[in-house]
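Visitor: Build me a model from this:
(chains A and B)
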Amino acid sequence: MIKGQIVGGELGRISIRQKSEQQLEIGELLICGDGCQKSLLQVYDLTYGSQISSSNLELVSGMNLEDGTDVSFFDANMRNYTIAHAKPIAVLAGGNVQLCKQLPIFFGEVRQVEEADLRFMTAPARPVYLGNLRSGSKMLEVPISLPGDKVFSHHVLLTATTGRGKSNLVKVMLWSIVDKDYCGVVVLDPHDEYYGRNGRGLKDHPDPDRVSYYTPRDPPPGTCTLKINLRQVRPEHFKGAVSFSDPQVQAMNAFYKKYGNKWVEAVILEKELNQGFHFHEATVGVLKRRLSHLLNLESEGDRLSCNGVFDLSAGEATINDMADDVENGKTVIVDTSGFSGAVEIMIGSMITSEVFNRYKRYKSKGQLDDKPVVSIILEEAPRVLGKEVLESGPNIFSTIAREGRKFKVGLTAITQLPSLIPREILANMNTKIILGTEMKPERQAIIESASQDLSQDDRNIASLDKGEALVTSNFVKFATPIKIPLFEEYTEQTRPDEAESSPAFDGVRLD
Amino acid sequence: MKFIHMADIHLGSWRDPKMRDLSTRAFVTVMGCALAENVDFVLIAGDLFNTSLPPIESLKVAVTQLKRLKDAGVPVYTIAGSHDFSPSGKTMLEVLEEADLVKNVCRGRSVEGKLELNFTVDPKTGAKITGMIGKKGMLEKSHYEGLVTKNLEQEQGFKIFMFHTAIAELKPAELAKMEAAPISLLPRGFDYYAGGHVHIVKEASMEGYKKIAYPGPTFPNSFSELEKLGCGGYYIYDEGKIAHQKIALAPVITMSLDCTNKTPQQATELLLDEVMSKSVKDSIVLMRLYGKLDSGKTSEIDLSKVIETLHGKKAYSVMKNTSKLASKEFEEIKVKADSAEEAERSVIEEHVGQIRSLELDVQEEKALVETLMNVLDTEKDEGEKVSDYERRVLVEVQNVFEE
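Guide: Numbers count the residues shown, from 1 in each chain, chains lettered A, B, ... in the order given. Alright, predicted model coming up:
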């Protein structure tokens, strides 16, 4: 279907006159040329065009408005039209895709993109599905999958303002990789929305054994109560999660040095430190109060009682079990909805550190190739990757952002405010999935650090509707517009088969 | 209400007659305590025997002791554990139940593919007891997944749930690799959760689950358990209070020597010096040697002489562990383990994934191998013909594959 014709412009700004009965949209994909070489263009702006001078147009408008006359244009479609401004995003030559280095044919007709034009977009060997290719607001039957093993280890940034479909996208992505053994995922879930406790979620995947769910409250049958043994907490786990003063940090380290894994108990129960370590009474008092509050602990005399996730009798193997699951390519969802941000980060820190340290060991032993890539999904990423936080020192998440790639551990950072993340970390995030972002500074931060040139896409990004996204990545040839299906609709296609045979319950004395 | 909760007796587990005797004596001791304490009933949370078809001597001990309790009017409630469970359903526990010596509380009915467990009501106290068997490789997990919990949770009265499963949330760090199920698979709201399978002493409570107790074995079952636990034990529940009772039959003395940078002769001398400085009479002596010798072979450490000296000092039993001992000449030890089971687990882990024809996943394959090993471990009964023994094992093996 012919949509228009190229009438001028330059390489990054091609002007297309729109055919009168057609309606071009921002973000729409167009094809110019045919046969062995076609140019793929994307509309990024629309303006009016007219053969009539603007003074005459103003005069005609005045006659209509002021005199009440009904003046219309003779051959209106010939005289007034829409000019679409498009940028060439790729050249399709045979089965290859190349960056565009030449202008498409002058005065060439442009037509709507069709599935057949995009046969080159095949799924990679280890895919993570993001959605379908989108042309403007129309979804094409062209699934877009990226090479998950590379994408996850090179970090993903997912940015959007509230309500644009971030969680839906994460759910769709996770669903597509749950049964793939190339990737293990840790999801820190502050809204308890991924497992699907009260609706459809990853629990409904046909391969549910590959999803592990940890929750501190009322775990559904078969899922784990989130309990972490207090003796596994180390002072460094608070980095990035809680801001302690220097004397408090020194006091924590002194207690850890003397009491080892019983250091928290020692602080709470006010045990003595070695000679040579003198801290102001108020410092230790504040430390005790803050740790008690954070970890939900109470003391009475020499008895310590644990009222929350951190426990003395349970949870010794929790972090290890989670890391084992991740290492086996499973998806581990941690419900952090009941916690303060600091506790969520701290728990995330403990899990992430365990996984990262293991992977560092595997690399040093030459075993890393046998392990799946790991992604840590983290909401409100500036809490740990923000400029302000990092001023007080690095944390495990910033370490992974900087060097995790070498160890096959990556972050999937979700945020509304990418501008708070330092530029060098943003640049390290090789894949950016950009959903609707209304705030100019946020768009600017993404555009400046994108893997493809998005300098003309400011308006395109601003106009992204719910469920629409633009994907830029080192692993795609061009910034790819996608439409993310609704999780419920997407997963409807893959409902698990009903169990065919009933279990025998052998060993049980059945009546 | 007063009852005893024990588990993991593993009658017949030790090959060494002296250690086997201690293991038996531990069981006899608990049964004696049950009578002395005048308990209302006894719970055995799995693995009374080390195999589903134990040798006659183990059976004789069990029958004698259980009869003592029966004669005194003390009922014994049991479930099968991973060791005394048999895929064919033929276990000695059934024989004991037929003889009215124990009552298996893992009973119920299958309704539309789901399992509805029934309560067994203790006639004297009215305690309502039910439970779930344990199987090798956590295969009981599918039973739990099919378990209807509503009826169990709604039942009023004092309720006990017996289980023979590692609980993920309560697993100790040193057993992190042990397969476990989350507590959420168990029905909520019971007054006591009598656990077995994990050889640890632990009492814990979690939201919805109070008094979850693992008493540990009645007698340690391996070198490392002797090292870690020292002795066995059991829980005694008395009107809401529970206390762990130790069964101290022989003191355990551990001699640990780091052989790094020592010659075999130096190591021998150090061991002998330590032996001479200790009173070891009637004790179980554990010698753990580790580190890398400076020269020579590990076999050049004269352990025979050390053991002889210990026996001369009237040690009850002497055991050695050199799994973490290496020499510069011979470094390669493929499997390092503290117990036979641990060694088996390591070997299985190493080779898992190689049975392709059955299309099993890793967990299923591990469970299959463990179950097969258990079945093939069956010993020939006294008086049993070789051909009958072979046929019996073959049937058991076939049952494993049909399962």
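Visitor: Just name the shakiest helix or strand of the chain by mean pLDDT.
Guide: You didn't pick a chain, so chain A it is. When each helix and strand of chain A is scored by mean pLDDT, DSSP states H and E, strand A:96-98 comes last, with a mean of 82.
Visitor: that's the other chain; I wanted chain B
Guide: helix B:340-351 (a mean of 73).
Visitor: Give me the next element, helix or strand, following it.
Guide: helix B:362-376 (DSSP states H and E).
Visitor: What segments of the stretch 151-300 of chain B are strands?
Guide: Counting by DSSP state E, counting those that start in this stretch, the stretch 151-300 of chain B has strands at residues B:159-163, B:192-195, B:202-206, B:209-214, B:232-238, B:241-247, B:252-258, B:284-293.
Visitor: CA atoms only for the least confident helix or strand of chain B, dumped as CSV, please.
Guide: Coordinates of each C-alpha in helix B:340-351 appear next as CSV, following Å, rounded to 0.1, in the frame of the first residue of the first chain:
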residue,chain,number,x,y,z
ALA,B,340,29.1,-43.3,52.8
GLU,B,341,25.9,-41.4,51.9
GLU,B,342,27.8,-38.2,51.2
ALA,B,343,30.2,-40.1,49.0
GLU,B,344,27.3,-41.7,47.1
ARG,B,345,25.7,-38.3,46.7
SER,B,346,28.9,-36.8,45.3
VAL,B,347,29.4,-39.6,42.9
ILE,B,348,25.8,-39.3,41.7
GLU,B,349,26.1,-35.6,41.3
GLU,B,350,29.3,-36.1,39.3
HIS,B,351,27.6,-38.5,36.9
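Visitor: Would you quantify the distance from B:Gly383 to B:Leu96?
Guide: 20 Å (C-beta to C-beta, to the nearest Å). Just so you know, the C-beta spots here come from the backbone N, C-alpha and C atoms, and that holds for glycine as well.
Visitor: who's more crowded, those two?
Guide: B:Leu96 (21 against 7; other C-beta atoms under 10 Å in any protein chain shown).
Visitor: If we ignore the residues flanking it in sequence, what's nearest that one?
Guide: B:Val102 (4.8 Å; C-beta to C-beta, 6 or more residues apart in numbering or on different chains).
Visitor: Quick check, pLDDT for the one you found.
Guide: Here the pLDDT value assigned to B:Val102 is 96.
Visitor: pretty sure it is touching B:Ala80, no?
Guide: No. In this structure B:Val102 lies outside contact range of B:Ala80 using C-beta atoms under 8 Å: 10.6 Å.
Visitor: ok, B:Lys324 to B:Asn221 distance?
Guide: Taking C-beta to C-beta, one finds B:Lys324 at 20 Å from B:Asn221.
Visitor: Which helix in chain A has the most residues?
Guide: Counting residues, the longest helix found in chain A (DSSP state H) is helix A:341-364.
Visitor: meant to ask about chain B, not that
Guide: helix B:17-36.
Visitor: just checking, what packs against it?
Guide: The contact analysis (3 or more C-beta pairs under 8 Å, 6 or more residues apart in numbering or on different chains; DSSP states H and E) places helix B:17-36 against strand B:2-6, strand B:41-44, helix B:56-71, strand B:232-238, strand B:241-247, strand B:317-327.
Visitor: circling back to that earlier point, looking at the strands of the stretch 151-300 of chain B, which one is packed in the most?
Guide: strand B:192-195 (a mean of 28; mean count of other C-beta atoms under 10 Å in any protein chain shown).
Visitor: ok, it: who's next to it in the sheet?
Guide: strand B:159-163 (parallel), strand B:209-214 (parallel) (DSSP bridges).
Visitor: got those as TSV, with mean pLDDT columns?
Guide: Shown next, in TSV, are the strands paired with strand B:192-195 (pLDDT from 0 to 100):
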stretch	mean pLDDT
strand B:159-163	98
strand B:209-214	95
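Visitor: Skipping adjacent residues, who's closest to A:Pro394 in space?
Guide: A:Lys239 (7.5 Å).
Visitor: Quick check: that neighbour touching A:Asn395?
Guide: Yes. Under the criterion of C-beta under 8 Å, A:Lys239 makes contact with A:Asn395 at 4.4 Å.
Visitor: Name the residues contacting each of the two.
Guide: A:Ser349 (C-beta atoms under 8 Å, 6 or more residues apart in numbering or on different chains).
Visitor: what's around the closest residue to chain B within the stretch 51-200 of chain A, how many residues?
Guide: With C-beta to the nearest C-beta, the shortest gap between the stretch 51-200 of chain A and chain B falls at A:Asp181, namely 10.6 Å. Neighbourhood size, A:Asp181 [other C-beta under 10 Å]: 12.
Visitor: same thing with A:Ile26?
Guide: Counted with other C-beta under 10 Å, A:Ile26 comes out at 21.
Visitor: Now do the same contact list for it.
Guide: A:Val43, A:Tyr44, A:Asp45, A:Leu46, A:Gly136, A:Arg459, A:Asn460, A:Ser463.
Visitor: mind redoing it with 10 Å?
Guide: Going by C-beta atoms under 10 Å, 6 or more residues apart in numbering or on different chains, A:Ile26 touches A:42-46, A:84-85, A:136-137, A:457, A:459-464, A:481.
Visitor: OK, contacts around the closest residue to B:Glu349 other than its chain neighbours?
Guide: The shortest distance from B:Glu349 to any non-neighbouring residue, by C-beta to C-beta, 6+ apart, is to B:Lys366 (7.7 Å). Taking C-beta under 10 Å, 6+ apart as the criterion, B:Lys366 is in contact with B:Lys136, B:Gly137, B:Met138, B:Glu179, B:Arg345, B:Ile348, B:Glu349, B:His351, B:Val352, B:Gly353, B:Leu360.
Visitor: repeat that for 7 Å
Guide: B:Gly137, B:Ile348, B:Val352 (C-beta atoms under 7 Å, 6 or more residues apart in numbering or on different chains).
Visitor: Please name the bridge partners of A:Gly9.
Guide: Counting by DSSP bridges, the residues bridging with A:Gly9 are A:Ile14.
Visitor: do you know how far the nearest residue to A:Leu368 once chain neighbours are set aside is from A:Val409?
Guide: Closest residue to A:Leu368 apart from its sequence neighbours, by C-beta to C-beta, 6+ apart: A:Tyr362 at 4.6 Å. Using C-beta to C-beta, one gets 10 Å for the distance from A:Tyr362 to A:Val409.
Visitor: Kindly report the same for A:Asn168.
Guide: Taking C-beta to C-beta, one finds A:Asn168 at 25 Å from A:Val409.
Visitor: Looking at these two, which has the bigger crowd around it?
Guide: Per other C-beta under 10 Å, whichever of A:Asn168 and A:Val409 has more neighbours is A:Val409, with 27 against 20.
Visitor: State whether the more buried one and A:Leu368 are indeed in contact, as I suppose.
Guide: No. A:Val409 is not in contact with A:Leu368 according to C-beta atoms under 7 Å; the separation is 10.1 Å.
Visitor: list residues touching both of the two?
Guide: With C-beta under 7 Å, 6+ apart, A:Val409 and A:Leu368 have common neighbours A:Tyr359.
Visitor: Which residues of chain B lie near chain A?
Guide: B:80, B:85, B:87, B:89, B:104, B:106-110, B:113, B:115, B:133, B:135, B:142-143, B:145-146, B:168-173, B:176, B:182-185, B:204, B:206, B:403 (C-beta under 7 Å from any C-beta of the partner chain).
Visitor: Sitting in helices, which of those do you find?
Guide: Reading helices off those with DSSP H, I get B:Ser142, B:His143, B:Glu145.
Visitor: How about the contacts made by B:Gly296?
Guide: So B:Gly296 contacts B:Thr263, B:Pro264, B:Ser327 (C-beta under 7 Å, 6+ apart).
Visitor: dump the residue contacts of the first one.
Guide: In other words, B:Thr263. So B:Thr263 contacts B:Leu293, B:Asp294, B:Ser295, B:Gly296 (C-beta under 7 Å, 6+ apart).
Visitor: Cool, thanks, talk later.
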